[in-house]
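*Asks:* Sequence and predicted structure below; questions after.
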Amino acid sequence: MSERSEGTAGPLSIAPEPIPGHGLLTGRTAVITAAAGTGIGSATARRLLAEGADVVVSDWHERRLAETEVELKGEFPDRRIASLVCDVQRTEQVNALVRGAAEVFGRIDIMVNNAGLGGETPVVDMTDEQWDRVLDITLNGTFRCTRAALGYFREAGHGGVIVNNASVLGWRAQHGQAHYAAAKAGVMALTRCSAIEAAELGVRINAVAPSIARHAFLDKVSSTDLLDRLSEREAFGRAAEPWEVAATIAMLASDYTSYLTGEVVSVSSQRA
């Protein structure tokens, strides 16, 4: 028997089909980092487009980013879609991303900081390089993008929304994940503190904390046995679909959460 409670298997253990858009973000423009490929970033791009937003997708991997842009334009021919290459480890590239996105669409309303990097290494075996790389991409990258977006919103004067991608590992303990968990806990703290500062600019900042969202790339780089075990422990006995996390991001970016800031929303059954 798995570690989740008995009786939880049922209709919720079967992943639903994506729900249609409801125009929550009509007239808005959004920037999404790490949006190429099959994960939460590209799912968020699709969700925001389905809700009526125009979207700039960004990623460091130029080929995958170009492919993603073509795919999105084919799926959403009535929306404005652009792509800009950006490595969130480079301040100048992050600043160029925000400036470029504003130039492409005339303004930015939503910034989704999705870029992050994981790994699986026990602390006793972890090198400085492994620790530094995960922290720099996941935490420092989110900081760089938040700083650049707030600078833009301050100058533009029209307010906006920032949504960060954290993780339940900011609360939970998991073997071999100290660097990633520390980075995501940092993203949570950054979200709370920056939200207080951003309020005077008319900007809301919140975060999502997914437990496990399975997609093709994650299955490729992670142990199937580990992912199966983690999925079984969730309340529904399954991992989230990336679009389910993306739907929560869309909600946080919308006016449905106009009084919500500095919060971390757990997209899972529990925090610990």
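*Replies:* Yep, that arrived.

*Asks:* Please, where are all the strands along the stretch 1-150 of the chain?
*Replies:* 29-32, 54-59, 81-85, 110-113 (DSSP state E, counting those that start in this stretch).

*Asks:* So which residues of the stretch 151-272 of the chain form strands?
*Replies:* Going by DSSP E, counting those that start in this stretch, the stretch 151-272 of the chain shows strands at 160-165, 203-210, 264-267.

*Asks:* Quick one: closest of those strands to Ser13.
*Replies:* strand 264-267 (16.5 Å; Cβ to Cβ). Backbone N, C-alpha and C define where each C-beta goes, glycine included.

*Asks:* Can you add mean pLDDT and mean neighbour count and give the strands of the stretch 151-272 of the chain back as CSV?
*Replies:* Listed next are those as CSV, based on pLDDT from 0 to 100; neighbours: other Cβ atoms under 10 Å:
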stretch, mean pLDDT, mean neighbour count
strand 160-165, 98, 27
strand 203-210, 97, 25
strand 264-267, 93, 20
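
*Asks:* among these, which is nearest Glu71?
*Replies:* Comparing the strands of the stretch 151-272 of the chain by Cβ to Cβ, strand 160-165 comes nearest, at 20.8 Å.

*Asks:* quick one: the closest one to strand 203-210, angle?
*Replies:* Here strand 160-165 runs at an angle of 20 degrees relative to strand 203-210 (axes from the mean of the first three to the mean of the last three Cα atoms, to 10 degrees).

*Asks:* Please shift the residue numbers so they start at 873 in all later answers.
*Replies:* New numbering, starting at 873: the last item is strand 1032-1037.

*Asks:* elements contacting strand 1032-1037?
*Replies:* Identification of packing neighbours for strand 1032-1037 by 3 or more Cβ pairs under 8 Å, 6 or more residues apart in numbering; DSSP states H and E yields strand 982-985, helix 1013-1028, helix 1050-1070, strand 1075-1082, helix 1114-1125.

*Asks:* try 7 Å
*Replies:* Secondary-structure packing of strand 1032-1037 (3 or more Cβ pairs under 7 Å, 6 or more residues apart in numbering; DSSP states H and E): strand 982-985, helix 1013-1028, strand 1075-1082, helix 1114-1125.

*Asks:* ok, back up a step: and of the strands of the stretch 873-1022 of the chain, who's closest to Pro892?
*Replies:* Nearest of the strands of the stretch 873-1022 of the chain to Pro892, taken as Cβ to Cβ: strand 926-931 at 17.4 Å.

*Asks:* Partner strands of that closest one and their direction?
*Replies:* Here strand 926-931 is paired, per DSSP bridges, with strand 901-904 (parallel), strand 953-957 (parallel).

*Asks:* Tell me which of the ones you listed sits most buried.
*Replies:* Of all the strands paired with strand 926-931, strand 901-904 carries the top mean neighbour count, a mean of 28, counting by mean count of other Cβ atoms under 10 Å.

*Asks:* in the stretch 1023-1144 of the chain, what spans have low per-residue confidence?
*Replies:* 1086-1096, 1098-1104, 1141-1144 (pLDDT under 70).

*Asks:* If we use 80, what do you get?
*Replies:* 1084-1112, 1140-1144 (pLDDT under 80).

*Asks:* How many neighbouring residues does the spatially closest residue to Ile1068 that is not a sequence neighbour have?
*Replies:* With sequence-adjacent residues excluded and distances taken as Cβ to Cβ, 6 or more residues apart in numbering, Ile1068 is closest to Gly1134, at 6.3 Å. A count of neighbours around Gly1134, defined by other Cβ atoms under 10 Å, yields 17.
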